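Q: Mind folding the following:
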Amino acid sequence: MYNVSDIEKYISEHTSAEDSLLCELDRATNLRVVQARMISGLVQGKFLELISKMTAPVRILEIGTFTGYSAICLAKGLRDGGQLHTIEINDELEDISSEFFAKSGMSDRIIQHIGPALEVMPTLGIVFDLVFIDGNKREYVEYYDMLMDNNMVRSGSVIIADNVIWYEKVIQDVAKNDTQTQKIIEFNDKIQQDVRVENVMLDIRDGMSVIRVK
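A: Numbers count the residues shown, from 1 in each chain. This is a model prediction of the structure:
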């Protein structure tokens, strides 16, 4: 039986390297930010970058900026003239994300919003080609409903949701007060039962679901 850390190391060694800016952002996040492990990192970041490049979106929405690693990865696939809107509730993270968006040369293509996602989303008035959900786990269902029921996505739009395995808690007995796990399970079940979409759940880091609107 293989060791999980060994297979993760092997996967990283067989994934295209991150560029020097993302390496710098990873290091800065670990030095300057609490809970630095929330950063997307090499494998997940490259996955998001490739999905974006393959779908060539004009408009991207990211729910949960953190320090900006995933936003930079996603923005690399934007078509000419495209924009990425990213929402972060923690205003203390804005300085580091803004700093690295500027260094990436894509600050004109990445629009930052600070505040609760469920308050910011209705103000955007945009139909998105690609959406990355990585915000408050208790609000995943609400994010999804807002996207689907308010015409914020279209036929062919792709939604990617992070942390859908949630430290494997989704297959364990859930404590009554563990609302995060409860809501992730509710979200996963909702996606699986929604005839408007097709989806696949992937065992990448803490689990990712790729959802395509029919």
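
Q: what does the top strand by length along the chain contact?
A: Ranked by residue count and defined by DSSP state E, the top strand of the chain is strand 153-162. Here strand 153-162 makes contact (CB atoms under 8 Å, 6 or more residues apart in numbering) with 44, 48, 51, 55, 64, 127-134, 140, 144, 147, 187, 191, 197, 205-214. All C-beta atoms are positioned from the backbone trio N, CA, C, and that covers glycine.

Q: Strands - which of the residues you listed land there?
A: Per DSSP E, these map to strands at 128-133, 197, 208-213.

Q: Would you convert the residues you listed into JSON lines that also reports pLDDT and neighbour count?
A: Output for the ones in strands among the contacts of strand 153-162, formatted as JSON lines (pLDDT from 0 to 100; neighbours: other CB atoms under 10 Å):
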{"residue": "Phe128", "pLDDT": "98", "neighbour count": "23"}
{"residue": "Asp129", "pLDDT": "98", "neighbour count": "22"}
{"residue": "Leu130", "pLDDT": "99", "neighbour count": "25"}
{"residue": "Val131", "pLDDT": "99", "neighbour count": "25"}
{"residue": "Phe132", "pLDDT": "98", "neighbour count": "27"}
{"residue": "Ile133", "pLDDT": "98", "neighbour count": "26"}
{"residue": "Val197", "pLDDT": "98", "neighbour count": "20"}
{"residue": "Met208", "pLDDT": "98", "neighbour count": "23"}
{"residue": "Ser209", "pLDDT": "98", "neighbour count": "22"}
{"residue": "Val210", "pLDDT": "98", "neighbour count": "16"}
{"residue": "Ile211", "pLDDT": "98", "neighbour count": "23"}
{"residue": "Arg212", "pLDDT": "98", "neighbour count": "15"}
{"residue": "Val213", "pLDDT": "98", "neighbour count": "17"}
